[in-house]
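Asks: missing the sequence, but the structure's below:
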């Protein structure tokens with residue numbers, strides 16, 4: 001059973017860069033006006049994002065806001081972590097693409113990811129992970145910090161901690177998170 005939305009809750013109706021469109025059932029134009037500063041709390045349960053935003057427009061059931069501070073985590077890990085199921089390729093930093101290992105991305109955060117492969121990986125190996133955030137290809141560099149096996153399936157799981165990434169990459173991942181939350185909250 002889905003949790004019932006709080007009285008001030010809205011659903012994300014679109015994301016365009018740092019502009020979020022929110023749709024709800026209450027008369028938001030009586031609560032907010034253009035230029036008001038608000039704090040967005042996006043998501044629920046184990047994935048929760050927070051950001052400061054400025055109201056651009058308020059209608060009877062819609063609110064359009066501009067994020068003024070990047071989306072950040074309200075999670076004990078310090079980084080928002082979303083569950084995903086998509087293909088990736090990974091190779092050691094000092095090798096070319098012909099040494100790539102194909103795997104499945106299980107979760108993703110700004111700090112790292114979890115994945116599974118058929119090949120055993122070693123803690124301490126520096127790797128380049130290539131995947132996508134929606135339609136945008138990503139190459140993320142990091143170090144394998146944890147490895148484990150689950151049951152008799154033969155899958156090898158790894159936890160990778162990413163190196164600090166450029167602001168543009170962080171923005172791409174944050175937009176991907178917001179879009180992922182919008183899709184999952186409307187289903």
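Replies: In hand now; what should we look at? On a predicted model such as this, the values are computed, not experimentally measured, just so you know. Numbers count the residues shown, from 1 in each chain.

Asks: What's opposite residue 65 in the beta bridge?
Replies: As for beta bridges, residue 65 partners with residue 20, residue 55 under DSSP bridges.

Asks: need the contact list for it.
Replies: Residue 65 makes contacts with 19-20, 22, 38, 40, 53-56, as judged by C-beta atoms under 8 Å, 6 or more residues apart in numbering. Bear in mind the C-beta positions are built from the backbone N, C-alpha and C, glycine included.

Asks: so what's it scoring on pLDDT?
Replies: Residue 65 is assigned a pLDDT of 82 by the prediction.

Asks: Identify the single longest strand in the chain, thanks.
Replies: When the chain is parsed with DSSP state E, its longest strand is strand 136-149.

Asks: List the buried residues for the helix or strand containing residue 130?
Replies: Taking DSSP states H and E as the definition, one finds residue 130 inside strand 126-133. The neighbour-count check on strand 126-133 (16 or more other C-beta atoms under 10 Å) flags 127-131, 133 as buried.

Asks: residue contacts, the spatially closest residue to residue 141 that is not a sequence neighbour?
Replies: Leaving aside its chain neighbours, residue 141 sits nearest to residue 163 (4.9 Å; criterion: C-beta to C-beta, 6 or more residues apart in numbering). Neighbouring residues of residue 163 by C-beta under 8 Å, 6+ apart: 141-143.
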